[in-house]
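K.L.:
Give me the fold of what follows.
(2 chains)
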Protein chains: 2
Amino acid sequence: MMRPPVTHNLLDTLAARLGPAHVLTDAADIAPHLGETRGLYHGEALAVVRPRDTQEVAFVVGTCAAARVPVVAHGGNTGLVGGGVPFGGVVISLARLDRVRAVDPLDATITVEAGCVLANVQQAADAAGMLFPLSLASEGSCRIGGNLATNAGGTAVLAYGNARELTLGLEVVLADGQVWNGLHALRKDNSGYDLKNLFVGSEGTLGIITAAVLRLHPRPVSKATAFLGLASARAALEAFGRLRDRLGPRLTAFEYVPRFPLEVVLRHLPGAVRPLEGDHAAYALVEVSSPAPDAPGELEARLGDLIEAGLVEDAVLAQSEAQGAALWRLRESLSEMQGYEGGSIKHDVSVPVSRVAEFLERASAACEAALPGVRVCAFGHFGDGNIHFNLTQPVGAEKAAFLAEWPRFNRIVHDIVHGMNGSIAAEHGVGLIKRDELPRYKDPVALDLMRRLKGALDPLGILNPGKVLAAEGAPEAFPARTLPGKVTAA
Amino acid sequence: MMRPPVTHNLLDTLAARLGPAHVLTDAADIAPHLGETRGLYHGEALAVVRPRDTQEVAFVVGTCAAARVPVVAHGGNTGLVGGGVPFGGVVISLARLDRVRAVDPLDATITVEAGCVLANVQQAADAAGMLFPLSLASEGSCRIGGNLATNAGGTAVLAYGNARELTLGLEVVLADGQVWNGLHALRKDNSGYDLKNLFVGSEGTLGIITAAVLRLHPRPVSKATAFLGLASARAALEAFGRLRDRLGPRLTAFEYVPRFPLEVVLRHLPGAVRPLEGDHAAYALVEVSSPAPDAPGELEARLGDLIEAGLVEDAVLAQSEAQGAALWRLRESLSEMQGYEGGSIKHDVSVPVSRVAEFLERASAACEAALPGVRVCAFGHFGDGNIHFNLTQPVGAEKAAFLAEWPRFNRIVHDIVHGMNGSIAAEHGVGLIKRDELPRYKDPVALDLMRRLKGALDPLGILNPGKVLAAEGAPEAFPARTLPGKVTAA
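P.N.:
You can find the predicted model right below:
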C-alpha cells in the first residue's frame, strides 16, 4: 500500500474546518494520546484533532482517507490492550462529542454522543429515574464510544449483558467519511443485516462510533450486597449455580476473589477492613437487585440455604449502603493494589461457566509449576466465566525480568483456555497486545471472515490499522519495539 | 454473472454422497418446498437435498458453488416473507440435522442442530430443569435454524430478547462450503469481530447455520396471566410503562388486542370464551413470571394499582394454568382466525415503544380514510413496540381485489412507520415480500454496507439469491409474477 508523504496541506485543511485550536501538533499536547494505561506501548501521531460533532468527524475521516493517512479514534484512552495507540496518522479525540441527546424513560432509552463519560451516562439515566447498568472501574473517565468500540463488560454483565446487549442503535462514521445513521430505538428490527453488532467490539477498525441509542432498565428499588467465605472455586461454582437458579435476573453480581488478592488489597488499600473474621480459601461478592424492597431479605434467605447446604463457610450481609460500597471497593481496587506487589502479567480470559473452577485449578497449577514462587492473583466475573488471570511476580524477583516472561505465560494460560473452548480476549479486547495471539487460537475460517469484513468496510486500511488484525501492507507503522511480545515494563 | 447450464452431473455427485434417497427430484416430493405459508409465491427447484450432518451440508454447498448453482436453506418452511422460496437451484433441507448435541444446566446452555423443531428445543431445556424462552405460534413445526436465520421474535422478547439475544455460538456453512466453527458457550468473548450476529437474521443469504449454542434461563417457579380491559391504546401504554418499571424482568409479556381482533377470535375460535364481561376499546394480555412463588400475588397487587389509577377498566387474573392457557390461546389464534373474515393485508412493523399508541391511532385513521369499510386488525407485541398491523377486507368486498391494494397500503403504513423512525420489518424479516420496500426506507448507507457484506461473504451470489437484497446479476431467477407487489391471492 502506498502512503504518500503527508504534507502540511492535510493539517491545514483540518484546521480550516475544525479551527486551529482543535488541531493539536505540539509534542506536549499530543503526548497524552500516544501512550496507554499500562505503559506497554508508546506511539506517535501527526496530530490530535478534536472535532465537535459527527459532521466534523466525517470530514476528518474523509480528508484523511483521501490522503491515505490512518486515523485512530480516542475516547477516554483507558483501554488495556493498546487498541488506541497511534503509529503515525491522526488521532481523532471524541471528547467534545459529549452531549446526551435524549433520555426517554418510557422507551427506556438514552441517546448519547460517543464522548460522554460513562459516569455521566449513568447519571443522566438516574436523573430520569432509570438505570444504565454498564459499570466498570474506569467509569469516571472512560467514554461511552470506547465502551461500545470495545464491547465493554464490567460488573453488571450477569444480569444486563455486555455493552453490546445494551446497544439499540448507532451512528457511525465509515472509512470513507460517510455517516451511517442507525440511531434507532427499536426492540425488534429485522430490516436487513445486523450492522450494529459489527461495529460494537471492532475497536475502531471498521468505523468510528459517534453516537448511540442505549437501553435503560428500571432502577432497582432495593439492593443487597454480601461477602461470602468459601472453601474452594468449586464450592463457589456450586453456590453460584444455586443462586442464579433461585434468583434469576435479580442476581446482579457474583464476583470471585481468592485469598491472595484479598490479602493484597487489605495490605495496600487505605482504610480497607477485613470483611470476614475467619480465613477462607476463596471469597465471593454477591449482589442482589430487585424492583421490590425485598433484596436484603431475599439474599439473607438464600445465604442461609447455602450455609445450611455446606457450600458457604461464612457470610456477611452489608447492613447499609456504605457497608455495601466498602465491599465493592475491595473488589474494584484489586487491579490497582496488585501493582504494589510488583510486576503483573495479566490475562483476560473466559471459559464456559461450568468449567471456571476447573480452569482456575489447572491454570494456577501450571503457572506455579512454570515459575516457582509466582503468585497467582486470579479474580473476576465468575458468573460470566470471565477471570482476570493475573500473575504477581515472586517476592524479591526483578520486575523487568518477570515481565519478560509474559509470552511464556501467555502460552501456558492461553493453551489451557483454548483447550476448554474459551476466549483469550474476554472483555478487554484484542488491540495490539493479543493481535498476534489470535492466529494461533482463532478458527482460521473466522480469521478469514474477519479479514474479508475489514477489506469490505475499510479497503484502504485507514481505520486504526494493525489493531485486532495485522495490517500486512503497512508494517512500517509498527516499529519492532512495539510489537506484542516485546513489551516494555511500565 | 454467468450461470452455466446445470447438468445431471451435479445431482449425481450429490446423490453419491448423500444417498439417492436424500436427493429428491420428483415433482410431488419437492412441491412442499416450493411454496410458503401464505401462498403468495410459488418457486421452482432442481432438487431438494436432505443432508444428515454439517459435513454433508458443506459438501452440498461447495459442490453447488463450484457449479454456480444457488442454494436455499429450509427449516420448517414456516416463514412469512417468502424468504425460503427457491427460484431454481437446490433446496437444502436441514430437517435431518435434528440432534440436541448437549444440554448444560450449570452453563445454562443448550447446543442444538439447525433442524431441531423449536418445541423440541424447549422440551429438552425443560427436561434439564431450565427454560428456553423463544416462543411463537409455529413452534410445533418451525426449526431452530430458521428461527436464528430470521432472528425470530415472538411472545417472550420483552424479558428474554429475540433469537439473537438467545444465541451464544454458531456453526455456519459458508458460501464456498467452508465451515465456520463458532460453537462457543461464552458469556464474554471479545476476540475479534462479532461474526455470530452477522449470520443471525441474514435469512440464509450470508451462510447456512447448521448448529447453535443457545442461552437458557432458570425456569420460573410461578407464573400469572391476566386479561385487562382498557379504554385506549394510550391507556395501555401508560399501564405497560408502570408494570415494566415495577416488575422489571418479571414482566414477561404485554400483548395488545383491540376490540375488533378479540371479536374476530371469539366469533371463529371453537370453544373461545369472552374473558371479560364488559366491552372495552382495547385489551392486553399480561404475564408475570418469577423465580419465587410470588407471581400471582405480585400481578394481582399491580393490577389493583392500575385499576385504582384509572388506567385499567377491568381485569381478570387466571385462577389456574388452564385458564391462563385459554387466555393465551385467544392471543395466539388471532392471526389464523383473521382469515375467516376474508382477505388480510399484513404489516409487521415496529416503532419506539413510547410511540406505539400514536402509531396505532395514525395508521388506523389513514387506512380507514384510504378505504372506507376496511377493518383494522392490529395487535401484537406492544411492549416491544412491534405491531402486526393487519387489515381485514371490508364486509362483502372481493378478496382478490382487496389484496391487490396491498402495495397502496404498504405505502400508507410504511410511510407512517418510517416517519416515526420505526422498522417496516420488525420480526418476520425481509425475504421477498419486503425486499423492494427496503431501498425506499432504509438509509442508503446501510443498504450499501449490506451489499458490501453480501459481496464479501458470498461473492458468487450462491446463497438464497434475491432475498433481502435484489440479486442484480440474476434477474432470470425471478419471474415477474413473483416480484413483490405482484402478489397473488392465497
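
K.L.:
Could you list the buried residues of stretch A:389-399?
P.N.:
A:389-393, A:397 (16 or more other C-beta atoms under 10 Å in any protein chain shown). The way it works is simple: take the backbone N, C-alpha and C, and place the C-beta from them, glycine included.

K.L.:
for the stretch 351-490 of chain A, what spans make up the strands?
P.N.:
For the stretch 351-490 of chain A, strands defined by DSSP state E, counting those that start in this stretch occupy the ranges A:375-381, A:386-392.

K.L.:
For those strands, give me CSV that also has distance to A:H414 and mean pLDDT.
P.N.:
Shown next, in CSV, are these (distance: least, C-beta to C-beta, whole Å; pLDDT from 0 to 100):
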stretch, distance to A:H414, mean pLDDT
strand A:375-381, 14, 97
strand A:386-392, 10, 98
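
K.L.:
A:W328: which of the ones you listed is closest?
P.N.:
strand A:375-381 (13.4 Å; C-beta to C-beta).

K.L.:
What lies in contact with stretch A:425-433?
P.N.:
Outside stretch A:425-433, the residues that touch it by C-beta atoms under 8 Å, 6 or more residues apart in numbering or on different chains are A:40-41, A:79-85, A:150-154, A:157, A:162, A:201, A:203, A:348-350, A:381, A:384, A:386-387, A:434, A:438, A:466-468, A:482-484, A:487, B:186, B:188-192.

K.L.:
how about a cut-off of 6 Å?
P.N.:
Stretch A:425-433 is contacted from outside by A:80-83, A:150, A:153, A:203, A:348-350, A:386, A:434, A:467-468, A:484, B:188, B:190-191, using C-beta atoms under 6 Å, 6 or more residues apart in numbering or on different chains.

K.L.:
Can you list the low-confidence ranges for the stretch 351-490 of chain A?
P.N.:
Applying pLDDT under 70 to the stretch 351-490 of chain A picks out residues A:472-490.

K.L.:
Show me what from it comes close to chain B.
P.N.:
Listed as neighbours of chain B in the stretch 351-490 of chain A under the rule C-beta under 6 Å from any C-beta of the partner chain: A:352-354, A:384-386, A:423, A:425-427, A:429, A:443, A:445-446, A:449-450, A:452-453, A:456.

K.L.:
and if you look at the stretch 51-200 of chain A?
P.N.:
A:104, A:106-107, A:151, A:153, A:178, A:180-181, A:185-195, A:197.

K.L.:
Take those residues and keep only those in helices.
P.N.:
A:N197 (DSSP state H).

K.L.:
could you flag which of the residues of the stretch 51-200 of chain A next to chain B are buried?
P.N.:
Judged by 16+ other C-beta under 10 Å, buried ones among these: A:104, A:106-107, A:151, A:153, A:178, A:180-181, A:185-195, A:197.

K.L.:
Quick check: the farthest pair among the buried residues of stretch A:389-399?
P.N.:
So, the buried residues of stretch A:389-399 by C-beta to C-beta: farthest apart are A:F389 and A:A397, at 18.6 Å.

K.L.:
where along the stretch 151-300 of chain A do the strands fall?
P.N.:
A:167-173, A:179-182, A:208-215, A:217-218, A:222-230, A:251-258, A:282-290.

K.L.:
would you turn the ones you listed into JSON lines with mean pLDDT?
P.N.:
Output for those, formatted as JSON lines (pLDDT from 0 to 100):
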{"stretch": "strand A:167-173", "mean pLDDT": "98"}
{"stretch": "strand A:179-182", "mean pLDDT": "98"}
{"stretch": "strand A:208-215", "mean pLDDT": "98"}
{"stretch": "strand A:217-218", "mean pLDDT": "96"}
{"stretch": "strand A:222-230", "mean pLDDT": "98"}
{"stretch": "strand A:251-258", "mean pLDDT": "98"}
{"stretch": "strand A:282-290", "mean pLDDT": "97"}
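
K.L.:
any idea which of the ones you listed is most buried?
P.N.:
strand A:208-215 (a mean of 27; mean count of other C-beta atoms under 10 Å in any protein chain shown).

K.L.:
What pairs with that strand, parallel or antiparallel?
P.N.:
strand A:109-113 (antiparallel), strand A:167-173 (antiparallel) (DSSP bridges).

K.L.:
For those strands, give me JSON lines that also has distance to B:A309.
P.N.:
Shown next, in JSON lines, are those (distance: least, C-beta to C-beta, whole Å):
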{"stretch": "strand A:109-113", "distance to B:A309": "24"}
{"stretch": "strand A:167-173", "distance to B:A309": "29"}
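
K.L.:
Which one of these lies nearest to A:G271?
P.N.:
Between these, strand A:109-113 lies closest to A:G271; by C-beta to C-beta that is 33.9 Å.

K.L.:
For the helix or strand that comes right after that closest one, which outside residues touch it?
P.N.:
The helix or strand immediately downstream of strand A:109-113 is helix A:118-127, counting by DSSP states H and E. For helix A:118-127, the surrounding residues in contact (C-beta under 6 Å, 6+ apart) are A:100, A:103, A:110, A:112, A:132, A:139-140, A:142, A:144, A:147, A:216.

K.L.:
Output helix A:118-127 as CSV - backbone C-alpha positions only.
P.N.:
Only the C-alpha atoms of helix A:118-127 are listed here, as CSV (Å, rounded to 0.1, in the frame of the first residue of the first chain):
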residue,chain,number,x,y,z
LEU,A,118,-19.7,6.6,31.2
ALA,A,119,-20.5,8.0,34.7
ASN,A,120,-22.3,10.9,33.0
VAL,A,121,-24.4,8.5,31.1
GLN,A,122,-25.2,6.6,34.3
GLN,A,123,-26.1,9.9,36.0
ALA,A,124,-28.4,11.1,33.1
ALA,A,125,-30.2,7.8,33.3
ASP,A,126,-30.5,8.0,37.0
ALA,A,127,-31.9,11.6,36.8
